[in-house]
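Enquirer: test case, fold it:
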Amino acid sequence: MPVSFLTDEQRRRYGQYAGDPTPDQLARYFHLDDSDRELIRRRRYDHVRLGFAVQLGTVRFLGTFLDDPTAVPPVVIKTLAAQLAVADPRCLERYRTGETRWDHMAEIRRHYGYREFGDPSVHFRLARWLHALCWTGTERPSVLFDRATAWLVAHKVLLPGVSMLERLVARVRARANQRLWRLLSAPVTPALQEQLDRLLEVKEGERQTPFDRLRQGPVLQSGPEVVRAVTRLEEVRQYALGLPSFDRLPRSKVLALARQAGAAKAQAVARMPPARRTATLLAFIRSLEASAQDDILDLFEIVVARLFAEAKAARQKARLRTLRDLDAAALILRDACRFLLEDAVPDAEVRAAAFAVVPRLQLAEALGEVDTLAVPEDHSIKELRDRHRRLRRFLPAVLDAVHFGAAPAGQPVLDAITHLRASGHRRHLAASAPVDFVPASWRREVRREDGGIDAKAYVLCLADRLRQALRRRDLFASPSLRYGDPRQGLLEGAAWEAARPTVCRTLGVASTAGEELNRLAERLEARYQATATNLPTNLAVRIEPDGAGIDLTVSPLDKLDEPASLKALRAAVAARLPRVDLPEILLEIHARTGFAADFTHASEGGARVEDLTTSVCAVLVAEACNTGLEPLIRPDHPALRRGRLGWVRQNYLRAETLTRANARLVAAQNGLDLARRWGGGDVASADGLRFVVPVRTIHAGPNPKYFGPERGVTYYNLVSDQFTGLNAITVPGTLRDSLVLLSVVLEQATDLRPTEIMTDAGAYTDTIFGIFWLLGYQFSPRLADIGDARFWRLDGGADYGALDALAAHKINRPLIEQHWDDLLRLAGSLKLGLVPATGLIRTLQTNDRPTKLAQALAELGRIIKTHYLLAYIDDEAYRRRILIQLNRGEQRHQLARAVFHGRRGELRQRYREGQEDQLGALGLVVNLIVLWNTIYMDAALRQLRAENFPVHDEDVARLTPLGYEHINMLGRYAFTLPEPVARGELRPLRNTADLEEALI
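Expert: Here you go, the predicted model:
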């Protein structure tokens, strides 16, 4: 890592005021307590006292003294002057020219215990702390630099020169990387080293190295492709045979090293120093074993699901063909059975009377016809048997190749797999074959009348149950990145007992169930009584008897009227926004934030080239607009040549760099006053954006509602109340929202920490209510049909007035109390990031045979859900706030669709990583547009106020930065900026004539 990794902007801001401190910062760093005042009071003159206070506040806030002690924001001077009763703060100018300021610096250092960076103990402690951060995480150098700066400020160490601290960070980070390479490569023997090096050699008769070839996963959705995926896994295991594991090393560091290898060329890896090359290949092949196994399971699930869907469709088609025969047989049976209901026919003569109308032979034939044709609609065993041969082509290979493990609920399926392996997948199975996994609907087919096992039905049933067990994670794979054991990493034993008090304090819940449930009971009781009290005046809610139950209806929200002042302001602001090409937005925002510096080379070599920013922005435009690189290539521009753009896309565009750049943009938006008028960042909404994927890939799923006859993916994203995208997950098909909601919330890496999450009804389950509450979030879904919701009570004898009949269900309190400790352990493990959220939620949200822990979590969620439902029906403003935030997400999706216009808006990436990177680039570019719009809307509002245009705060709060009519996304891709804009100045707003035209 080269020493210089900071941008010019970061260097300029180091040890300087970057803007006005916030009110919280003023209160924390610039408040003078009694001892401060006593020390300052010894000074005779106002300018000396104020100067001393300014220097004291500055060193507390920045960690250093300024060359010019008066170069501080006016709000700082004003705050300190008010505390010291200095009438004229302008007197501070006299302090700048005096010599006493140097004595004051020494006195502050001595009196308040500030130390120099050169102190050996300080240097050692900081280096050790930085090494721990580098060893356990993957933060980029600039983030480590900022954290080191904060550490120095917190420990009263005066900041050193920027280059000195920069060198320390680079040196410690390099040392941590070298330690990782050394520990990974040390157990590798010369024979194993030769085995790894063969990955980089091109075999005779081939064109690719195994390193490049094995990275290419399956793309077709067929049985033969499953077999090829198994062959790939077996080859990977041959290269991994005998290699040491790295269980004791930080998983995040090893996976980051593997990702870097996955993005590098074989020649680049071959040129690495020996220790690094060995470590990189070891991390690569071990993680590739896990991902190759995951690819098999992805493909297995798709192919088996298609096989069962085809059988069901064939069954339905066959039924349509036989309906005429079935109807004829049913009519014959009707004629015969009619005599059973004739009271005039004696019982002894019923058979004779029936046979007189319908001959016995004809009746028997009709009965056989019905028995043949009238089978359960969802039971397509005959059609499945016809497809058994296709299943046997790949199922034995999958069962033998994948290393399965099981939770208690999945053990019967694992027993059946073990039996098939032991039997060699023979076509005839012994009667002793395990059948505990067989559900009631299959038992008649699997177990023959003679007590034997029908091998075809057994295998078909096992394939179906295996697919379902994998979905629920009752069955898991090892090693695996996506199908691993979701319970692995849960706090247990002594580790849990030690962490328990901290977890309870962090989550804000009581350590005993009784105490916490009593609090919840009081809150629920108060909420019921308040809602019941307000019910007579709540015209939007109607509660009426409906047969044996209660019918609850909540009227839809009326559309808010838009006052003339809002329409005029919206048009005036839009008319002022400069017309701009999309590439210029990226370059301009980089000039303001330096976001492109977060895109670093995958090999960690710190490779930089001239005008890299232009190349990065061009690649982002190509990915976000879905046009490919061709429209952006300029042979006369070195930064836009085909080779350069391809190199940048290959080495710089990846999940970690996109995440870092996005965090910078979110922080920049949060620092704008206009954005804070829209929201404080404590609210976010989650929803999915669908994309058709017309290419052959296993990482896409069907859904006719969204994708028609094609397959597609869902880009499930989290949007703040400041219109910025915080995080997103790419999901094949349309997976249930609740399975990924928690992941997208917990894994977001921006400065914003939303505490209220709003969604559509698709993410609404009792379990989600429970786990979100335990983690300290308010879950607020928009309910499509609240009349179907159940209301629960903790106190069976409570009287809730008009709502009493509505609260018809009672919470199982003993179940929550029994599992309270496990619930805390679960929430604590999630909060600390020890377990994957998606896999764990899968195990908890099973409709059949849920575990006791899942039942307890659902019971807890019903308490929280009921409290939310009561607030939802009681407060129209609350319902409208949810609607407004969800509409922001929908409007953001419209902007994303407009940006992603190339190739008919279809995503044409075959592999999961490519899909995630391209949609990540789209989310980043949308955030760039939002930030650019906000900056210029703020400038437009300032100008309008200067022109005495009526600007009302309530109208400003309803503006949106998601407009794009002034942005050209088509045709022209010029990567140049006007010189004043490149220097950080704003573009000129459009003139008054444009404004008048817009208002007409």
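Enquirer: strands of the chain, residue ranges please.
Expert: Counting by DSSP state E, the chain has strands at residues 404-406, 475-477, 541-546, 549-554, 580-581, 683-693, 701-702, 711-720, 725-732, 756-759, 778-781, 792-793, 809-810, 967-968.
Enquirer: name the nearest residue to residue 912, sequence neighbours excluded.
Expert: residue 699 (4.6 Å; C-beta to C-beta, 6 or more residues apart in numbering). The way it works is simple: take the backbone N, C-alpha and C, and place the C-beta from them, glycine included.
Enquirer: quick revisit: and of the strands of the chain, who's closest to residue 20?
Expert: strand 711-720 (22.5 Å; C-beta to C-beta).
Enquirer: that closest one packs against which elements?
Expert: Packing contacts for strand 711-720, counted by 3 or more C-beta pairs under 8 Å, 6 or more residues apart in numbering; DSSP states H and E, involve strand 683-693, strand 701-702, strand 725-732, helix 737-746, helix 876-899, helix 912-946.
Enquirer: give me the helices and strands touching the last one, please.
Expert: Right, the one you point to is helix 912-946. helix 564-576, helix 582-593, helix 612-625, helix 655-670, helix 673-678, strand 711-720, strand 725-732, helix 876-899.
Enquirer: chain center to it, what's the gap?
Expert: Remark: helix 912-946 is offset 20 Å from the chain centroid, using C-alpha atoms, centre = their mean, to the nearest Å.
Enquirer: do the shortest one as well
Expert: Averaging C-alpha coordinates over strand 701-702 and over its chain gives two centres that are 20 Å apart (C-alpha atoms, centre = their mean).
Enquirer: quick one, longest helix in the chain?
Expert: When the chain is parsed with DSSP state H, its longest helix is helix 274-337.
Enquirer: separation between the closest residue to residue 907 other than its chain neighbours and residue 433?
Expert: Excluding the flanking residues, the one nearest residue 907 by C-beta to C-beta, 6+ apart is residue 691, at 4.2 Å. Remark: distance between residue 691 and residue 433 (C-beta to C-beta, to the nearest Å) = 44 Å.
Enquirer: can you put the helices and strands packed on helix 912-946 in TSV and add mean neighbour count, distance to residue 83 and mean pLDDT?
Expert: Shown next, in TSV, are those (neighbours: other C-beta atoms under 10 Å; distance: least, C-beta to C-beta, whole Å; pLDDT from 0 to 100):
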stretch	mean neighbour count	distance to residue 83	mean pLDDT
helix 564-576	18	39	93
helix 582-593	21	34	93
helix 612-625	25	44	94
helix 655-670	21	29	91
helix 673-678	18	25	93
strand 711-720	26	35	93
strand 725-732	24	38	91
helix 876-899	18	39	93
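Enquirer: among those, which is nearest residue 472?
Expert: Of the helices and strands packed on helix 912-946, nearest to residue 472 by C-beta to C-beta is strand 725-732, at 16.7 Å.
Enquirer: listing partners with orientation, what would you give for the closest one?
Expert: Using DSSP bridges, strand 725-732 pairs in its sheet with strand 711-720 (antiparallel).
Enquirer: now the angle from the partner strand to helix 912-946?
Expert: Put simply, strand 711-720 runs at 40 degrees to helix 912-946, going by axes from the mean of the first three to the mean of the last three C-alpha atoms, to 10 degrees.
Enquirer: run a quick neighbour tally on the residue nearest to residue 907.
Expert: Residue 691: 26 surrounding residues under other C-beta atoms under 10 Å.
Enquirer: likewise residue 908?
Expert: 18.
Enquirer: so how far is residue 629 from the residue nearest to residue 907?
Expert: Counting by C-beta to C-beta, the gap from residue 691 to residue 629 is 20 Å.
Enquirer: equivalent analysis for residue 175, please.
Expert: 38 Å.
Enquirer: so which of the two has more stuff around it?
Expert: residue 629 (18 against 15).
Enquirer: for that one, give me the pLDDT.
Expert: Looking at residue 629, its pLDDT reads 90.
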